[in-house]
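> here is my input; please provide its structure:
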Amino acid sequence: MVRTKWMALLASGLLLAMGNADNGQTVCEGFVPPNDMKIPVGDTSHIGIMGNGGLTEAQYQEVMNRIQTIYTPVVQAKGKTLVVNRLWSDSTVNASAEQRGNNWIINMYGGIARHPDVTFEGQALVACHEMGHHLGGAPKVSGFGNAWASNEGGSDYFAALKCLRLVFASDNNTAIVAAATIDPLARTRCLAQYPAVADQDICMRISMAGESVAYLFQDLNKDRVRPQLSTPDLSEVSRTNDRHPATQCRMDTYFGGAVCPVAVNVPLSDTDFKSGSCVQGTDALGWRSRCWFKPDSGGGGGGGDGKCPFGDQSICDSLCQMNPNLPFCSN
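Numbers count the residues shown, from 1 in each chain. A predicted model of the protein is given here:
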């Protein structure tokens with residue numbers, strides 16, 4: 001009797017959570033894992049890894065303006081409304097995405113923009129990553145609550161593959177790249193992958209964005225080893241990881257998106273990860289990094305492979321009696 005009541009309570013709670021998810025009451029974990037770092041307006045005490053100084057409010061607002069201009073009509077075409085919460089005064093070192101009703105929301109906290117390792121390019125990548133949760137396609141987050149969202153690695157890939165190319169399109173990228181220190185491997189591969197100078201320059205600028213946030217990750221995670229494009233993460237997951245990949249792995253994903261020559265106007269798919277992207281076995285470079293992505297693995301790290309995620313099939317059987325459309329139910 002006790003077990004039956006416990007299972008009923010669990011089922012009710014899970015079904016309520018899924019009901020809330022259907023209404024969009026869900027929030028992705030954040031650009032970085034939850035952390036206690038706070039950087040208020042005017043605080044210059046944090047040193048970081050590279051110490052670039054962070055963004056001014058004007059630079060922060062410029063990134064937000066570009067994201068809003070580019071993606072408002074894209075989201076409207078899907079019958080939704082883009083909401084960009086400009087939270088400059090908030091000291092939180094993070095960013096997040098959520099969907100509430102017809103509103104597709106990104107929460108852009110000022111604390112992360114003020115981190116000394118975040119450049120203009122890095123902040124643009126943060127915003128693009130959050131847009132990626134809405135528009136990054138497959139692979140989606142598996143399990144309850146966040147099934148609407150592209151997972152963390154997929155959102156990273158979208159940021160570099162699609163979004164940043166649009167954000168940087170109107171800039172004098174040749175001048176910006178000429179004044180910057182470009183990683184030699186990034187320069188070599190960008191020049192090899194793209195025949196047009198404009199595309200080469202944007203590719204190199206995306207590599208700059210990836211370096212910026214990789215140093216942010218190193219600082220937050222207190223990683224001892226500096227991430228570098230020349231030292232890729234060679235590990236391979238046995239199934240897709242929906243959570244935040246390790247620092248080097250995320251840097252590799254940004255670089256993969258940068259050197260994938262699939263046109264920005266070729267859309268990604270919510271069901272077919274191959275659409276609009278580079279694919280391992282077909283393309284020499286530019287595919288999703290295997291340190292977080294397992295092609296055709298049947299779902300991510302949250303139980304999306306059709307198996308009961310609770311370790312007790314009787315619990316799943318009870319849930320499936322109430323809702324046979326759950327991902328672990330036989331149809």
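> give me every residue that touches the residue nearest to E62 when sequence neighbours are not counted.
Sequence neighbours aside, F120 is the residue nearest to E62 in space, at 7.8 Å (criterion: Cβ to Cβ, 6 or more residues apart in numbering). For glycine as for every other residue, the C-beta is placed from the backbone atoms N, C-alpha and C. By Cβ atoms under 8 Å, 6 or more residues apart in numbering, F120 lies in contact with L55, Q59, E62, V63.
> what's the distance between the closest residue to the first one other than its chain neighbours and Q76?
The one in question is L55. Among residues not flanking L55 along the chain, A113 sits closest, at 4.4 Å (Cβ to Cβ, 6+ apart). Distance, A113 to Q76, using Cβ to Cβ, to the nearest Å: 26 Å.
> between the two, tell me which one has more neighbours.
Comparing A113 with Q76 by other Cβ atoms under 10 Å, the one with more neighbours is A113, at 27 against 11.
> contacts only, for that one.
By Cβ under 8 Å, 6+ apart, the residues touching A113 are G54, L55, Q59, Y60, V63, W88, Q123, V126.
> need the max-distance pair from those residues.
W88 and V126 (13.4 Å; Cβ to Cβ).
> looking at these two, which has the bigger crowd around it?
Shown here are W88 and V126; by other Cβ under 10 Å, V126 has more neighbours (25 against 16).
> and the helix or strand that one falls within, how far out from the chain's middle?
Element membership of V126, judged by DSSP states H and E, is helix 120-135. Relative to the centre of its chain, helix 120-135 is centred 7 Å away, using Cα atoms, centre = their mean, to the nearest Å.
> next structured bit after that helix?
That would be, after helix 120-135 and using DSSP H and E, helix 152-158.
> give the rounded mean pLDDT of that following helix.
The pLDDT scores in helix 152-158 average 98.
> and the contacts of it?
29, 128-133, 135-140, 149-150, 240-245, 249-250, 253-254, 256-257, 268, 273, 277, 288-289, 292-293.
> now with 7 Å?
129, 132-133, 135-137, 139, 150, 241-245, 250, 253-254, 256-257, 268, 288, 292-293 (Cβ atoms under 7 Å, 6 or more residues apart in numbering).
> next structured bit after it?
Past helix 152-158, further along toward the C-terminus, the next helix or strand under DSSP H and E is helix 164-167.
> neighbouring contacts of that following helix?
Applying Cβ under 7 Å, 6+ apart, the external contacts of helix 164-167 come out as R66, I70, A124, L125, C128, I202, I206, A209, V264.
> I'd say the fifth one and A159 touch.
Yes. At 3.6 Å, C128 counts as touching A159 under the criterion of Cβ atoms under 7 Å.
> ok, back up a step: for the residue nearest to L55, what are phi and psi?
phi -70, psi -30 (degrees, to the nearest 10).
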